[in-house]
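**Q** Provided below are the primary sequence and the corresponding predicted coordinates.
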Amino acid sequence: MGEDNRMKDTIRVAVTGAAGNIGYALLWRIASGDCFGANQPVTLQLLEIPSGMQRLEGVIMELKDSAFPLVDGIVGTDDPAIAFKDTDAIFLVGSRPRSKDMDRADLVAANGPIFVGQGQAIDAAASPNVKVITVGNPCNTNALIACANAPSIPSRQFTAMTRLDQNRAVGQMAERAGIPASKIQDVFIWGNHSNTMYPDPRFATVDGQKATDVFDLGWLQGDFLGTVATRGKAIIEARGASSAASAASAAVDHMRDWWQGSNGRIVSMALPSEGWYGVPEGLVFSFPCRCENGEIEVLDNLAVDAFAQSKIDENIAALMEERAAVSELLGD
Ligand code: NAX
């Protein structure tokens, strides 16, 4: 038997908000091996708030009833110190959803403190090599807060999810061209997971052709951009509930590529800026990335045209504003 087929040592994977909608789709994908590989056993460490613990018990019962061969153990808890203990990968999904009367500033204020406590618990309990993806909104700024409160963990290990936006962009291009999503490559997202983000088509290919040759600029900078940026709202209107299965799928794509490599493809990941493209240091910003050997490489030398620059600037301004609103949670 080749080395690739041998079972690896079990890893510990934490999911917060595990009894929520995204959790319900995400846990089954992790447990089946879609994220960490078919020969990678996992112990699932699931965090909820006390009022979610009964629902979490039900979710754990169903996970047990699914009898996944790769699941070595399941822990359900409302204590972050237990949930994050020795974890190799963490999905920060749990947070307070936005209610009708809340604007983005209210959402930032309501959720920020959660990520102070979770950052501190990660710092104290997780493996020093832990890979963290933040899904709970506002995910860029929540990742920033968690990172700032986990000083012993290198900041590159804290990311936020813009892969759903990338996948939405792929879906729109595939539909417009009338080809499968698998034939669209290298479209990626700049900035914030909010309606300011920019799906950049300039390096994308559509069945091997340049996307900018296949689609007209009016569509790329108009309906395409607008549809991707407001897709979350459209899903809520159509489904009566926010994106859950697609969000879980994107979280799996993000972590899988980070863990197993992106095979040379460009993928979108938001991570603390090291000054790339003039983005102020520390802002958690989505960049074009490649992943190899468990590391994220930011592609820091792509050409930026005037339109892309204006979008990057718009996202910097939005994220600076979010950062200013939570400055007292960043410990500086
Ligand atoms: P749900 O409200 O269904 O589930 C959230 C769960 O988190 C609940 O069970 C709740 O009890 C739990 N929770 C709340 N505070 C917690 C804490 N401090 N510790 C642990 N658990 C906690 O929301 P769901 O639809 O699952 O969405 C989860 C988050 O993902 C939301 O913030 C949502 O806005 C965000 N999203 C992010 C997306 C992205 O692309 N980055 C897209 C999808 C989604 O909108």
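**A** Received it, and whenever you're ready, just let me know what you need.

**Q** any chance you could map the strands in this structure?
**A** Using DSSP state E, the strands of the chain run over 11-16, 42-47, 71-77, 89-92, 131-134, 158-160, 184-185, 188-190, 198-200, 205-206, 209-210, 267-272, 284-292, 295-298.

**Q** Residue 246 contacts residue 166, correct?
**A** No. Residue 246 is beyond contact range of residue 166, at 11.5 Å (criterion: CB atoms under 8 Å). In short, each C-beta sits where N, CA and C put it, glycine included.

**Q** out of those two, which sits in the busier spot?
**A** residue 166 (27 against 18; other CB atoms under 10 Å).

**Q** give the contact list for the more buried one.
**A** Residue 166 makes contacts with 187-189, 199, 250, 267-268, as judged by CB atoms under 8 Å, 6 or more residues apart in numbering.

**Q** Please dump those into JSON lines; it should also carry neighbour count for every row.
**A** Shown next, in JSON lines, are these (neighbours: other CB atoms under 10 Å):
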{"residue": "187", "neighbour count": "28"}
{"residue": "188", "neighbour count": "27"}
{"residue": "189", "neighbour count": "29"}
{"residue": "199", "neighbour count": "26"}
{"residue": "250", "neighbour count": "24"}
{"residue": "267", "neighbour count": "22"}
{"residue": "268", "neighbour count": "28"}
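
**Q** of all those, which comes closest to the ligand?
**A** Each of the contacts of residue 166 was checked against the ligand using CB to the nearest ligand atom; the closest is residue 250, at 6.4 Å.

**Q** hmm, back to that, could the strands of the chain go into TSV alongside mean pLDDT and distance to the ligand?
**A** Putting the strands of the chain into TSV (pLDDT from 0 to 100; distance: least, CB to the nearest ligand atom, whole Å) gives the following:
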stretch	mean pLDDT	distance to the ligand
strand 11-16	98	4
strand 42-47	98	5
strand 71-77	98	10
strand 89-92	98	9
strand 131-134	98	8
strand 158-160	98	7
strand 184-185	98	19
strand 188-190	98	10
strand 198-200	98	13
strand 205-206	98	24
strand 209-210	98	27
strand 267-272	98	9
strand 284-292	98	10
strand 295-298	98	17
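
**Q** now these in JSON lines, with distance to residue 312?
**A** Formatted as JSON lines, the strands of the chain follow (distance: least, CB to CB, whole Å):
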{"stretch": "strand 11-16", "distance to residue 312": "30"}
{"stretch": "strand 42-47", "distance to residue 312": "34"}
{"stretch": "strand 71-77", "distance to residue 312": "40"}
{"stretch": "strand 89-92", "distance to residue 312": "25"}
{"stretch": "strand 131-134", "distance to residue 312": "21"}
{"stretch": "strand 158-160", "distance to residue 312": "16"}
{"stretch": "strand 184-185", "distance to residue 312": "22"}
{"stretch": "strand 188-190", "distance to residue 312": "5"}
{"stretch": "strand 198-200", "distance to residue 312": "7"}
{"stretch": "strand 205-206", "distance to residue 312": "22"}
{"stretch": "strand 209-210", "distance to residue 312": "21"}
{"stretch": "strand 267-272", "distance to residue 312": "13"}
{"stretch": "strand 284-292", "distance to residue 312": "8"}
{"stretch": "strand 295-298", "distance to residue 312": "13"}
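
**Q** Stretch 7-17: which residues count as buried?
**A** Residues 11-17 are the ones in stretch 7-17 that count as buried (16 or more other CB atoms under 10 Å).

**Q** Other residues contacting that stretch?
**A** In contact with stretch 7-17 (CB under 8 Å, 6+ apart) are residues 23, 26-27, 30, 36-37, 39-48, 52, 72-73, 80, 83-95, 118, 126-127, 136.

**Q** Show residues contacting the longest helix that the chain contains.
**A** The longest helix of the chain (DSSP state H) is helix 104-125. For helix 104-125, contacts defined as CB under 8 Å, 6+ apart pick out 16, 80-81, 83-87, 90, 92, 94-96, 98, 102, 130, 132, 134, 136-138, 141-143, 145-153, 194, 322, 325-326, 329.

**Q** Just the buried ones out of those, please.
**A** Using 16+ other CB under 10 Å, the buried ones in those are 16, 80, 83-85, 87, 90, 92, 94-95, 98, 130, 132, 134, 136-138, 141-143, 145-150, 153, 194, 322, 325-326, 329.
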